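what's the 3D shape of this:
(chains A and B)
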Amino acid sequence: LNRNCLDASRPWLCFWILHSLELLQEPIPAAVASDVCQFLARCQSPTGGFAGGPGQHAHLAPTYAAVNALCIIGTDEAYNVIDREKLLDFLWSVKQPDGSFVMHVGGEVDVRSAYCAASVASLTNILTPKLFENTTNWILSCQNWEGGLSGVPGLEAHGGYTFCGTAALVILGKEHMLDLKALLRWVVSRQMRFEGGFQGRCNKLVDGCYSFWQAGLLPLLHRALYKEGESELSQQRWMFEQQALQEYILLCCQNPTGGLLDKPGKSRDFYHTCYCLSGLSIAQHFGNMDNHYEVILGKEENRLAPTHPVYNICPEKVAQALQHFLRMPVPEIHFRSNKRGRSVK
Amino acid sequence: SPPPKCQMTISSIVMTLLFGDRKEWADLEPVPQDDGPNPVVKIAYSEKFSDVYDYFRALLKNDEKTERAFALTADAIDLNAANYTVWHYRRVLLQALSKDLKEEMKYITNIIEEQPKNYQVWHHRRMVVEWLNDPSEELRFIADILSQDAKNYHAWQHRQWVIQEYKLWDNELEFVENLLEEDVRNNSAWNQRHFVISHTTGFSDPAVVEREIQYCLNQIRKAPHNESAWNYLKGMLQDRGLSSQPGLLERVLELKETHCSPYLLAFLFDCYEDALENITQKEKVEEEEQKETLRKALEICRLLAQEKDTIRKEYWEFLGRSLRNKYGNGALSDEPMAENPEPSISASQSQEAS
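Just a heads-up that it's a prediction; the model follows:
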């Protein structure tokens, strides 16, 4: 099975695999954790951020994946891999005047980049309002007539991009500026009445990975509506059919030799394994530490660990990382690069 | 000396020498990948792959800007078209060597035809089009890609960029209508319809709105369970309010008899909710009429939650509770409470959510 196509996505492989293991509550052997730390250190660019592999240029997607993977490991060795000052330099180097971010220097813009930037900046405590100036308005401009969000303004609403835009706004504390009612209507309409799983876009097919990208929006919206004073929210369930999603994942998305997949007939891969399991976790767990309600389809062994709906790593790992990095001062920027890579102090 | 190693690919009968065995590359020391002593997520590279990328890393290290470097990027891309570092380097070389960009257009056209779902190839095409300042091939090219996959997100993104950048709006509505003729359920085409109209005539012109409503209702008659058409109808009108369009509610109620669907019912609910929103704000309306509108809205919620759209039961029940909470009052003693098992707690009383 030729995996060359993932040669520029190796931190993703680390994240997809580590997150799957943490959901399955499989301990990571210390030697493996240390090996991952050292490998990701080799993926870190000398100019900041993480690349798809050693010697490649930094890119926001593997940066997101690497930081998440290191936070899952959660040891001091892992946290120490991240060069926070350089990471901030990298984020500035991909920031655009209109509030968006390119995915890498000389690369494309879409809403994934805002999420990747907001995620790593908040976890490692390098976030400043200036870094995300205009970003809120740019993300909001991605909400379209359908109620969901598109990759860039004007395009079709899409589950992956909607998750990225919404989660980014939650991190920035601006989710209330979305038309939450329209977004809620759009996302609940993406659950397929026969399959039980979610589609990525209206009138397209179900796919196991949307179990997270789409269903993961419901916890985010639940909290957003609650903060807006919504009094009629359920105290036990998310606003999607949790059992039906679990049925789709467990009955249709498992490979009998292990791993999960898009839909029956497709082959397994680590991406689908990660996001099917993440979606299963969302469907199993309602609420938070204080008010926790579970719906476990099948045997008790099916129970997965809860996942944080913003970062998609376990909530304990989020708290631990935040606690670790909040003790450090926010770095001063060394230099700010405009699009052509010229330094501006 | 031992004979040079050859790589014979299954798809061709041409034997190619590894870069490591080519005389013209003898001056360059290949750079092996630095995975470290205990690598993880190892990829089993073929000999060819390692050879090409060992030399790519050498070129990068020396910042070499030569023809041979440019030629090698094509091999590296062929092995992994998602390697954005290689694409970036290729663009640097295109400029440094003043390469023929028209030739590059042919190259990228072929690559996209082979791998249309890759981010890097489309971004590269956009850069070349920008450098050439020549969009003349784009609409036709994208139409060809869409003829193979009418919903390719990258293709639509590129199309919207070209149209907006070079002001190529003129024939796009016709293009959209043809696509909808082929597949009325193509949500990407419905989105493009919205894109074209909002950037040209806009949706404020009543003639445009009436034409679009007519178009939607016609498509709905042909395919009643097409969610895209219903979403478009609502999406177009929601800013002004669904109840702002006179006669629309009646036209939809007519359709209910013969072309009913969960989407039609949801649309009716939205009309009633919008009416309630506006009644309380503007006009002085009989309390009886308001109660009747609320009753009809709640009945639709119940119908959807319990019979017609049960997968969204939690949602429709939430909407019902919300609506009752907002517009109902204690005087409505005949409202059944059976479908409201959840006690409502005000936000200030209940615990802080995570």
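
Sticking with A:Leu18, tell me its helix or strand.
Secondary structure from DSSP states H and E places A:Leu18 in helix A:10-23.

How about residue 253, nearest residue that isn't a chain neighbour?
Here I'm looking at chain A. A:Gly208 (4.1 Å; CB to CB, 6 or more residues apart in numbering or on different chains). Every C-beta, even on glycine, is put in place using the N, C-alpha and C of the backbone.

oops, I was thinking of chain B
B:Leu268 (7.3 Å).

Chain B contacts on the stretch 201-345 of chain A?
Within the stretch 201-345 of chain A, the positions near chain B by CB under 8 Å from any CB of the partner chain are A:201-204, A:222-223, A:226-227, A:229-241, A:244, A:287-291, A:315.

Kindly apply the preceding question to the stretch 1-150 of chain A instead.
A:3-10, A:13-14, A:17, A:32, A:35-36, A:38-39, A:42, A:51-57, A:59, A:103-108, A:110, A:144-147.

Mind checking which of those are buried?
A:3-4, A:6-10, A:13-14, A:17, A:32, A:35-36, A:38-39, A:42, A:51-57, A:59, A:103-108, A:110, A:144-147 (16 or more other CB atoms under 10 Å in any protein chain shown).

Filter the residues you listed down to the ones in helices?
A:Arg10, A:Leu13, A:Cys14, A:Ile17, A:Val32, A:Asp35, A:Val36, A:Gln38, A:Phe39, A:Arg42 (DSSP state H).

ok, the closest residue in space to the fourth one that isn't next to it in sequence to A:Asn255 distance?
Sequence neighbours aside, A:Phe270 is the residue nearest to A:Ile17 in space, at 5.7 Å (criterion: CB to CB, 6+ apart). For A:Phe270, the distance to A:Asn255 equals 12 Å [CB to CB, to the nearest Å].

more crowded one of these two?
Each of A:Phe270 and A:Asn255 has its neighbours counted (other CB atoms under 10 Å in any protein chain shown); A:Phe270 has more, 21 against 14.

Quick check: A:Ile28 touching A:His19?
No - the pair A:Ile28 / A:His19 is not scored as a contact, 10.9 Å apart, by CB atoms under 8 Å.

Overlap in contacts, these two.
A:Ile72 (CB atoms under 8 Å, 6 or more residues apart in numbering or on different chains).

hey, where'd the helices end up in the stretch 201-345 of chain A?
With helices called from DSSP state H, counting those that start in this stretch, the stretch 201-345 of chain A shows them at A:210-213, A:217-227, A:242-252, A:270-284, A:315-326.

Burial-wise, tell me which of those helices comes out on top.
Across these, averaging neighbours per residue (mean count of other CB atoms under 10 Å in any protein chain shown) puts helix A:210-213 on top, at a mean of 28.

Can you tell me what sits against that helix?
Counting by CB under 8 Å, 6+ apart, A:159-160, A:162-163, A:190, A:197-200, A:245, A:248-249, A:253, A:275-276, A:278-280, A:282-283, A:312 sit against helix A:210-213.

hang on, the earlier thing: and the strand or helix carrying the residue nearest to B:Leu253, what's buried?
If you go by DSSP H and E, B:Leu268 is part of helix B:262-281. For helix B:262-281, burial by neighbour count (16+ other CB under 10 Å) applies to B:262-276, B:279.

Tell me which of the helices of the stretch 201-345 of chain A sits nearest to B:Glu257.
helix A:242-252 (30.4 Å; CB to CB).

OK, contacts around the residue nearest to A:Cys253?
So A:Gly208 contacts A:197, A:248-249, A:252-253, A:260-263, A:272, A:275-276, A:279 (CB under 8 Å, 6+ apart).

Adding pLDDT, write these out as TSV.
Converted to TSV, those look like this (pLDDT from 0 to 100):
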residue	pLDDT
A:Gly197	98
A:Tyr248	98
A:Ile249	98
A:Cys252	98
A:Cys253	98
A:Leu260	98
A:Leu261	98
A:Asp262	98
A:Lys263	98
A:His272	98
A:Tyr275	98
A:Cys276	98
A:Gly279	98
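
among the residues you listed, which two are most distant?
A:Cys252 and A:Tyr275 (14.3 Å).

so where's chain B uncertain?
B:1-14, B:280-285, B:330-354 (pLDDT under 70).

What count of nearby residues applies to the residue in the stretch 151-300 of chain B positioned nearest to chain A?
The stretch 151-300 of chain B approaches chain A most closely through B:Gly235 (3.2 Å), counting by CB to the nearest CB. Neighbour count for B:Gly235, taken as other CB under 10 Å: 21.
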